[in-house]
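J.: Mind folding the following:
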Amino acid sequence: MYASTASIPSFSFNAAVALDGRSFARPRAISFYGAETEIYAQGEVAGTLYRIEYGAVRIFRLLADGRRQVVAFHVAGETFGFEARPCAASSLKASPLRV
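T.: As a prediction, the model looks like this:
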């Protein structure tokens, strides 16, 4: 009934190697954005991912007639910044973002 672990290779985890200066686990800076503040503009080159600590963010496109077409809303704990551009992002209320 139980599977044998004899044929399963084991992988060791070396914390010293994983937590060196090149690791993704290191703490990131937090940037604060007030309500209705632009985070990035439509057409800017992608390159940063943002994680919302609390608050909310709106991803949108600006149309030729000046209206906004909302593409997505993101809330605390979610990550954004990888969506296909041309899009813009703005905070809906005060939102600290981990960059």
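J.: hmm, which helix or strand of this structure has the shakiest average pLDDT?
T.: helix 15-18 (a mean of 49; mean pLDDT, DSSP states H and E).
J.: helix or strand right after it?
T.: strand 30-33 (DSSP states H and E).
J.: ok, and for that following strand, which residues are buried?
T.: Residues of strand 30-33 classed as buried: Y33 (neighbour count, 16 or more other CB atoms under 10 Å). C-betas here are computed from N, CA, C, even on glycine.
J.: What's the mean pLDDT across it?
T.: When pLDDT is averaged over strand 30-33, the result is 91.
J.: Tell me which residues are up against that strand.
T.: Identification of contacts with strand 30-33 by CB atoms under 8 Å, 6 or more residues apart in numbering yields 39, 53, 55, 91, 94-99.
J.: Tell me which two in those residues are the farthest apart.
T.: Greatest spatial distance in these: A94 and V99, 16.1 Å, computed using CB to CB.
J.: And for D65, the neighbour number?
T.: 5 (other CB atoms under 10 Å).
J.: secondary structure class for it?
T.: coil (DSSP: H, G, I helix; E, B strand; the rest coil).
J.: begin at 578 from here
T.: Fine by me, first position is 578 from now on; the one you just mentioned is D642.
J.: residues near A665, how many?
T.: Neighbours of A665 (other CB under 10 Å): 19.
J.: Tell me which residues touch it, please.
T.: With contacts taken as CB under 8 Å, 6+ apart, A665 has the following neighbours: 615, 617-619, 636-639.
J.: Out of those residues, the closest to A606 would be?
T.: When the contacts of A665 are compared for distance to A606 (CB to CB), Y617 wins out at 15.8 Å.
J.: My guess is that closest one contacts A666. True?
T.: Yes. Between Y617 and A666 there is a contact under CB atoms under 8 Å: 5.3 Å.
J.: Show me whatever sits in contact with both of those two.
T.: G658.
J.: Settle it for me: which of the two has more neighbours?
T.: Taking other CB under 10 Å, Y617 and A666 do not tie; A666 has more neighbours (24 against 19).
J.: Find the nearest non-adjacent residue to that one, please.
T.: Spatial nearest neighbour of A666, excluding adjacent residues (CB to CB, 6 or more residues apart in numbering): I616 at 4.2 Å.
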